[in-house]
Each structure stands twice: as C-alpha cells, then as structure tokens.
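Asker: Make a model of this:
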Amino acid sequence: MFPLVKSDEQAIVNTGIDFKERLQKDETILSFSVDDGGSGIASNAKIDGTQVLATISGGEIGQTYIVTFSMVGSKGTIDNGKIVVYVTPNAGLCTIVINLKNLGLAPIEGATILASINSTQPWHGSILSGQSIKTTTDCYGNAELIVPQGVRVSILLPTPSHGRIEVDTTGKAEIDLSEAISG
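Answerer: Numbering: from 1, shown residues only. Below is the predicted model:
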C-alpha cells in the first residue's frame, strides 16, 4: 500500500501504481481498473506505459479513502495495488529542516547536503525513486529539503560520521532532522 496525503482542494493528476517490477519481460498492461469504493475521489484513469494512473481529487477533511488499481498484462500477469488517501487541511509536501549545529557539526556556510527519494510510486505523474536532491547550508549551517509526503528520503550529510540518514515523510508536513535522529 502506498500512502498519499492531500488537502480537500488539491487535485493530484496522474498518480497511481507502477507495475513495471511485477510485469514479465516485454509485457505491457493490456487492461486495468481503478476502484475508489464509489467515493468519486479517483477519475480520469488511464494506462501510461507500465503504470495505471488516475487523478485523485476531492474528499472530505479527516476521511481516509482506499483506491485500488488492478491490471492484466499482455502475457497474463494479474496484479493490483492500493493507494490510501488521507485528506487533511494542508498536505502534499514535507519540509525536512537541517541544522548542522543541532547535529553536532560545525555550522558551515555552503556545506552540500545530498538526498535521494525512495519510492516506487508515481507522484504528480513522476516516478520518484532514485531522484536526487541537492541543497547547501546558509551562513548559520541551516538548510531545508522539500519533498513529497509518503516517501522515504535518504540524506547524506557533509561528514562521513553520520552516514546516510533515512526518514519517512508519511503524514508529516515538517521533520527536524536532529529530532528524527535522536527520536
């Protein structure tokens, strides 16, 4: 299952399930279905390569919806996946706050912070897995990464002593990296 957090006013176009890893070599999607349990939250479903995509929009604040994506492959593969849609007043993105001093490092200006997103699901029509993000610290050793909610982010700080730090952005609008490490 793939969690997706959105506001009631937000429409997320071309989100869905990528079946690439579940299809046989050279297999394509022959047919598909999208079931939102009659809520009307999923519309405009279509096939895009190895993905079944839909627009996710509407919903009531505080409600949770399950959207099931199913497909039949050209070589007989049958599979499905689910997206759990959480509707909140403000949603969609997560800000990861990084303060080098709070991480026990010198607050250096211009330090490079690298991150990569780990998600096999599309977000706004893009496959995120492996996408890299680069930011640099300001004169106080602070930096921010803005990423989608519902993904795991692997962060590499400018010192090998911390190694890679993994954070899960599911249901979070902001994460303080120093608290995520100690917590």
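Asker: Return the per-residue confidence for the closest residue to residue 106 other than its chain neighbours.
Answerer: Once its chain neighbours are removed from consideration, residue 106 has its nearest residue in residue 100; the separation is 6.6 Å (Cβ to Cβ, 6 or more residues apart in numbering). Bear in mind the C-beta positions are built from the backbone N, C-alpha and C, glycine included. In the predicted model, residue 100 carries a pLDDT score of 91.
Asker: now the one 4 residues further on
Answerer: On the pLDDT scale, residue 104 is placed at 87.
Asker: burial measure for it, as a count.
Answerer: Residue 104 has 11 neighbouring residues, counting by other Cβ atoms under 10 Å.
Asker: Residue 78 too?
Answerer: Applying other Cβ under 10 Å, I find that residue 78 has 10 neighbouring residues.
Asker: Any figure for the gap between the residue of the chain most remote from its centre and residue 115?
Answerer: Residue distances from the centre of the chain (Cα atoms, centre = their mean) peak at residue 106, which lies 30.9 Å from the mean C-alpha position. Residue 106 is 20 Å from residue 115, where distance means Cβ to Cβ, to the nearest Å.
Asker: likewise residue 163?
Answerer: Using Cβ to Cβ, one obtains 13 Å as the distance from residue 163 to residue 115.
Asker: Have a look at these two and say which one is more surrounded.
Answerer: More neighbours surround residue 115 than the other of residue 163 and residue 115, with 21 against 11 (other Cβ under 10 Å).
Asker: tell me which helix or strand of this protein sits lowest on mean pLDDT?
Answerer: Across the helices and strands of the chain, the lowest-confidence element by mean pLDDT, DSSP states H and E is strand 126-127, at a mean of 44.
Asker: Which SSE is immediately downstream of it?
Answerer: As assigned by DSSP states H and E, the chain's next helix or strand after strand 126-127 is strand 132-136.
Asker: For that next one, buried residues please.
Answerer: Buried positions in strand 132-136, judged by neighbour count with 16 or more other Cβ atoms under 10 Å: residue 135.
Asker: May I see the buried residues of stretch 96-106?
Answerer: 96, 97, 98, 99, 100, 102, 103, 105.
Asker: So what angle separates the directions of the helix or strand where residue 143 lies and strand 132-136?
Answerer: Using DSSP H and E, residue 143 maps to strand 142-148. For strand 142-148 against strand 132-136, the angle between stretch directions is 160 degrees (axes from the mean of the first three to the mean of the last three Cα atoms, to 10 degrees).
Asker: what comes up buried for strand 142-148?
Answerer: Applying 16+ other Cβ under 10 Å to strand 142-148 flags 143, 145, 147, 148 as buried.
Asker: Let me have those in TSV, extended by pLDDT.
Answerer: What follows is these, written out as TSV (pLDDT from 0 to 100):
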residue	pLDDT
143	93
145	88
147	81
148	75
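Asker: Same list as before, those that is, but in a markdown table and with distance to residue 157 included.
Answerer: Formatted as a markdown table, the buried residues of strand 142-148 follow (distance: Cβ to Cβ, whole Å):
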| residue | distance to residue 157 |
| --- | --- |
| 143 | 10 |
| 145 | 12 |
| 147 | 16 |
| 148 | 21 |
